[in-house]
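Undergrad: Predicted model follows, preceded by the sequence.
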Amino acid sequence: MAYQSPKGTRDFFPPDLAALQHVEAAWRNASINAGFDEIEGPTFEHLNLYTVKSGDGIVNELFSFKRAGGDIDYALRPEFTPTLARMAAAKGRSLTLPTKWFGIPSHFRAERPQRGRLREFKQWNVDLLGVDNPSADAEVIATAIRALANLGLTHDDVIVRISHRDVVVSMLEKSGISTDKMQIALTLLDKREKMAPDVFAGKIKEHGFDLASFTQFDGETVVDHEELNSLQEELIAWGISEWCKFDFNIVRGLAYYTGIVFEIHESSGNERAIAGGGRYDKLIEMFGGPSMPAVGFGMGDVVLSLVLRDKGLLGDGSEFLPRPDVFVISAGGDADKQLAPTVATLRQAGLHARMTYRATRNVGKLLTEAAKTNTRFTVILGEELEQGNVVIKDMDSGDQSEIALCDIISHIKK
Ligand code: HAM
């Protein structure tokens, strides 16, 4: 039996990797344009980094392990925020604030694989530390939108749904939910959209809640909240208010968020969240660092790629494979000896040069092979070499001409 890849993982063949790199390039460009510096951390951490502050949702999805023969517990990272908080805490007061970091790490979650959910995925993280007012929240959201816009999405395609933990908690309290049941209620609200209505109704009953406590967030909710009012002004200032709406169905599953939270969704609401984030003003302190406000988000590649494909903004990835500048073939005889030196010279000049490895000297077949690589030019080494010339074919126009061997580079670069 053939070996199979583990469930929920992906093999990236060249077009698949090219598609991922296209998305990553949009993420990286948007981050750098907005003044964020790239960081990376270990792919596994001590288990307690996650059990301390991420919340049950993530803890139940850990891949945890011990070293063979060892007794220390580790876990593959399910998210980046604990690592980032640990790194910030380690720098302590020497960190110049504000600090703006981004990263594109892989993550591992032992979830049930399904549409938009895998066990290994990439996630763009953008985090701004040391600014405690909503201008920072608006700036990180604007950075997310910049990347989505660069990938071709518009505010008709996606929506940033913004909420505030305090507003949601106080609305739930007003509807009669007690403090001791608040965390259960928040978790249920967070999961509601992902559950079938009858399953949700069952859970509500099980905990003695009222359905109305949860449906109160549907439709337009007008709140007068100082932080949200000032965020609204900032969203206008950053020119992104059209992409955003307040929506108090959003609470976020992770336990460390302290205030403003948000998720980015495909507009029809059919897919899982493209991104999620918010403010976590206490986390760095909790990992032993100085008190430091922080806001950020994570955007996964899986849902985003589904959305881009649905909208015709991403193909199978072959459209992003690098196009060869030149493909060199030989019509046989002495010309064969010139294949390697010619290709070597072209590569030395910085051109993307490929050659045939086939034994046939049937030029028609070799041209077909060249065309399959999508090369811009094909160079045919043949009898003309005796005069120091080669035949060069422009694969887009079909034009073919005889030029001096020493002119190939300038001809292609022109
Ligand atoms: P999260 O909501 O757990 O937040 O994940 C953010 C995004 O990562 C999701 O919206 C989704 O696109 C992607 N994602 C999560 N799990 C999976 C999965 N199993 N398969 C595919 N994609 C997935 C966080 O992780 C926070 N640490 C984000 C953050 C950064 N908050 C502040 N800074």
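TA: Great, that's in hand. Numbering: from 1, shown residues only.
Undergrad: Could I get the phi/psi values of the residue of the chain found nearest the ligand?
TA: Of all residues in the chain, residue 300 sits closest to the ligand, at 2.6 Å by Cβ to the nearest ligand atom. Heads up, the C-betas are built off the backbone N, CA and C, glycines and all. Here the main-chain torsion angles of residue 300 (degrees, to the nearest 10) amount to phi -90, psi 160.
Undergrad: what is it paired to in the beta sheet?
TA: In this structure, residue 300 has beta-bridge partners residue 123, where bridges are defined by DSSP bridges.
Undergrad: My guess is it contacts residue 121. True?
TA: Yes. Counting by Cβ atoms under 8 Å, residue 121 is a contact partner of residue 300 at 5.2 Å.
Undergrad: picking up where we left off before, and the residue of the chain closest to the ligand, what pLDDT?
TA: Model confidence at residue 300, given as pLDDT, is 98.
Undergrad: neighbours of it, just the number please.
TA: For residue 300, the number of neighbouring residues by other Cβ atoms under 10 Å comes to 20.
Undergrad: Check the one 5 residues further on too.
TA: Counted by other Cβ under 10 Å, the residues lying close to residue 305 total 23.
Undergrad: Show me what the helix or strand it falls within is packed against.
TA: Element membership of residue 305, judged by DSSP states H and E, is helix 301-310. Packed against helix 301-310 by the contact rule (3 or more Cβ pairs under 8 Å, 6 or more residues apart in numbering; DSSP states H and E) you find helix 14-33, strand 120-129, strand 260-266.
Undergrad: quick one: it to chain centroid distance?
TA: Centroid separation between helix 301-310 and its chain, computed with Cα atoms, centre = their mean, to the nearest Å, is 10 Å.
Undergrad: Residues in contact with that helix: which ones?
TA: Under the criterion Cβ atoms under 8 Å, 6 or more residues apart in numbering, residues 19-20, 23-24, 115-118, 121-124, 148, 151-153, 157-158, 266, 271-275, 314-315 lie in contact with helix 301-310.
Undergrad: likewise stretch 147-161?
TA: Counting by Cβ under 8 Å, 6+ apart, 23, 26-27, 29-31, 124, 141, 144-145, 240, 242-247, 249-250, 262-267, 274, 299, 304, 307-308, 311, 313-314 sit against stretch 147-161.
Undergrad: about what we covered before: now the helices and strands packed on helix 301-310 as a markdown table including mean pLDDT, distance to the ligand and mean neighbour count?
TA: Written out in a markdown table, the entries for these read as follows (pLDDT from 0 to 100; distance: least, Cβ to the nearest ligand atom, whole Å; neighbours: other Cβ atoms under 10 Å):
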| stretch | mean pLDDT | distance to the ligand | mean neighbour count |
| --- | --- | --- | --- |
| helix 14-33 | 98 | 12 | 17 |
| strand 120-129 | 98 | 4 | 23 |
| strand 260-266 | 97 | 7 | 24 |
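Undergrad: Which among the ones you listed is found nearest to residue 204?
TA: Judged by Cβ to Cβ, the one of these that comes nearest to residue 204 is strand 260-266, at 22.0 Å.
Undergrad: Paired strands for that closest one, with orientation please.
TA: Here strand 260-266 is paired, per DSSP bridges, with strand 158-164 (antiparallel), strand 275-279 (antiparallel).
Undergrad: is it true that residue 129 touches residue 98?
TA: Yes. Counting by Cβ under 8 Å, residue 129 touches residue 98, with 6.2 Å between them.
Undergrad: what is in contact with those two at once?
TA: Common neighbours of residue 129 and residue 98 (Cβ under 8 Å, 6+ apart) do not exist.
Undergrad: Which residues of this structure lie near the ligand?
TA: Contact residues, the chain versus the ligand (Cβ under 6 Å from any ligand atom): 79-81, 109, 111, 117-118, 121, 123, 125, 127, 254, 273-277, 296-300, 302-303.
Undergrad: hmm, try it at 5 Å
TA: Residues of the chain lying close to the ligand by Cβ under 5 Å from any ligand atom are 79, 81, 109, 111, 117-118, 121, 123, 125, 273, 275-277, 296, 298, 300, 302-303.
Undergrad: So what pairs up with residue 263 in the strands?
TA: When assigned by DSSP bridges, residue 263 has beta-bridge partners residue 161, residue 276.
Undergrad: where does the protein have low pLDDT?
TA: In the prediction, the chain carries residues with pLDDT under 70 at positions 1, 53-57.
Undergrad: rerun at 50
TA: Judged against pLDDT under 50, the chain has no low-scoring part.
Undergrad: who's in contact with residue 201?
TA: Taking Cβ under 8 Å, 6+ apart, one finds residue 211 in contact with residue 201.
Undergrad: Run through who's touching the helix or strand that contains residue 233.
TA: Mapping residue 233 onto the secondary structure by DSSP H and E places it in helix 226-237. Under the contact criterion Cβ under 8 Å, 6+ apart, helix 226-237 has outside partners 133-135, 137-138, 141, 162, 164, 167, 241, 244, 246, 259-260.
Undergrad: buried sites along the helix or strand residue 144 falls within?
TA: Secondary-structure element containing residue 144, defined by DSSP H and E: helix 134-150. Neighbour-count burial for helix 134-150, with 16 or more other Cβ atoms under 10 Å as criterion, is recorded at 134, 136-149.
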